[in-house]
Structure formats: C-alpha cells, structure tokens
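> structure of the sequence below:
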Amino acid sequence: MPGHLLGGIEAGGTKFVLAVGPAPDCITARHTIPTRTPEATLAEAAAWFAAQGGVAALGIGSFGPVELDRASPQWGFITATPKAGWSHCDLAGALGRALGGVPVGFDTDVNAAALAEYAQSDARGGSLAYLTIGTGIGGGLVLDGRPVHGIAHPEIGHIYPRRHPDDAGFAGNCPVHGDCLEGLASGPAIIARWGASLSELLQDHAAHAIIADYIAQCCHTLFASVAVGEVVIGGGVAQTPGLIARVAQRAAELDAGYLPGGTRHTIRAPRLGLDSGITGALMLAAEAAAGA
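This next block holds a predicted model:
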C-alpha cells in the first residue's frame, strides 16, 4: 500500500540514489544502489521503497535522453541512451506500477537539480541554469520558475565552443560530435589528453585554464542566449579546487562588460552540495502528489 512519504530517485548511469521524506527539504532515509540491468536495478529500488513503508508519490530525475512529452506514449521512458541495456526503458511507468500505482513526477537529472537550486536561490529574473561537469556534461534550465522542456530537453553538453589555441591538437572524445563541450571538457576528455583528472594536475598546468575557458564559454552562452541570472556548476570535475573561480573570471573576460545584468550574473557551486539532484527528485514527487 502507498505510504505517506515522498520518494525520490536520482537515476544515474553509475548509481541510483534513493530517498524518502515527508517534504523535499526533509530527507528521513536514503540509500544508494549500483546501476545494473533495468530489471535488477528497478526491482531493488522498489523493494527499498517498500521497506520504508511505501510512498505516496515518486519523483525521478534521470540520466537520458528521456521522453518528457506527457502526450507521448513513451512519456517517462529513457530513450536511445548509450548506457547498455537501458534504451527504451519505461522507468517512470515500471516504478509507478511496482509501488502500487502512485503518481510519478519525471524529468532529467539536471532539470531536477536545477529546480532544487532555484528553490534555494534568490531567483534573479526567475531564471537559473545547472551544469554538471563529470563523466558527461549536462545542463538543466529553469525559466520563470519552471524547468525548460521543448521538442525534447536541453542538451547543453553538446554545444560547440571555440577551440582554445593551446588545445588545437585534441580531436575530442564525444562519440557523436567529437569536439563538442562534452568531448572537450568532461572528465574522460581531460584524462584522454593529459592522463589524469583535473584535480590531480598541478594548479599551474595548462589544463586548468583550458577547461575553465570551455566551461566559461558555455556560461556566457547561457547568459547571452536565455538570460539566466545564475549558473550553478556541479559534478566531479567542478570539485577541482579553484575551477569555479577560474570559470567566473574567464566568463567575465568573455563578456567584456557587454551583457545587460553585468556583474549581477553569478557562477557558483551548488548550495545543496551533492543533494541537488535528490532534493529535486523529491520536489518532482511533491508536485506529482499535488496534481494527483
């Protein structure tokens, strides 16, 4: 039977973070499981929620690509993902049924994180972008207090930055686009050309300025194209000491004082630390419960 708690899942390609609580800002239990096959992973997730007494609603922030069009028969599915075995997985439907037909809220993992960070911010202009820089690069957008859904969802990691002059010899490692942002600035891209993670390289290594430049270009693009007031940067690469400060400085140099808003544009680490994604998933659950 459904319980009185909200349930949240931050569904990643490596792990699923599970949580329950009476409200998004009050997590009373959490658990992490490895991402294996869909059958094994979803069964283990459902069993954990059942062991908590069930949930009244579930929110899922998922790796993608995913289908977010409520009119589509594949709403709530992971679509054609490079994650082996997960293409065309009915993530929201399968878990909703396993948990007794509870209402389910569903979005990308980065949109969920963006929602949570937006709720914690002073919401300049009602807008915020969340970037995760890690194994891949993804981005979520909140405009006028709502996550952005268009013909699909934003794929900010696959924009093409200008090449840094000291990085001309690297072809990029995105299997689809080569030298898109993800192909140049993700964790695997850093290791592919320098043999170590960014945090392992000395602070005077050229990699720090190169990666900061690429991420700063993305931030400037977000400030200029969708007029967000704040870009929040999370993920493993973003935890490199000094990186976010380098990005903010370089983004200001790229802007050269042109954009309306000027110094009001903010680039920062997540206010919620590592909890942005799971908090956002619980917010999706609360919204689903309210609409049931």
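
> and the helices in the stretch 151-292 of the chain?
When assigned using DSSP state H, counting those that start in this stretch, the helices of the stretch 151-292 of the chain occupy the ranges 181-185, 187-194, 206-225, 243-255, 276-291.

> below-threshold pLDDT in the stretch 101-250 of the chain: ranges please.
Along the stretch 101-250 of the chain, the model assigns pLDDT under 70 to residues 123-125.

> rerun at 80
Filtered on pLDDT under 80, the stretch 101-250 of the chain yields the residue ranges 122-126, 150-153.

> ok so, going back, give me whichever of the helices of the stretch 151-292 of the chain is most buried.
helix 181-185 (a mean of 27; mean count of other C-beta atoms under 10 Å). In short, each C-beta sits where N, CA and C put it, glycine included.

> name the helices or strands packed onto that one?
For helix 181-185, the packing partners by 3 or more C-beta pairs under 8 Å, 6 or more residues apart in numbering; DSSP states H and E come out as strand 137-143, helix 206-225.

> which one of the helices of the stretch 151-292 of the chain lies closest to A71?
helix 276-291 (15.8 Å; C-beta to C-beta).

> need the residue closest to the centroid of this structure.
When the chain is reduced to its mean C-alpha position, the closest residue under C-alpha atoms, centre = their mean turns out to be V110, at 2.3 Å.

> skipping adjacent residues, who's closest to it in space?
In this structure, V110 finds its nearest non-sequential neighbour in G140, 3.5 Å apart by C-beta to C-beta, 6 or more residues apart in numbering.

> tell me what the one you found is bridged to.
With DSSP bridges as the criterion, the beta-bridge partners of G140 are Y130.

> that one and W75, how far apart?
Using C-beta to C-beta, to the nearest Å, we find G140 at a distance of 18 Å from W75.

> those two: which has the busier surroundings?
The neighbour count for G140 versus W75, taken as other C-beta atoms under 10 Å, is higher for G140 (31 against 16).

> return the residues in contact with that one.
Contacts for G140 (C-beta atoms under 8 Å, 6 or more residues apart in numbering) come out as 108-115, 129-130, 147-148, 153-154.
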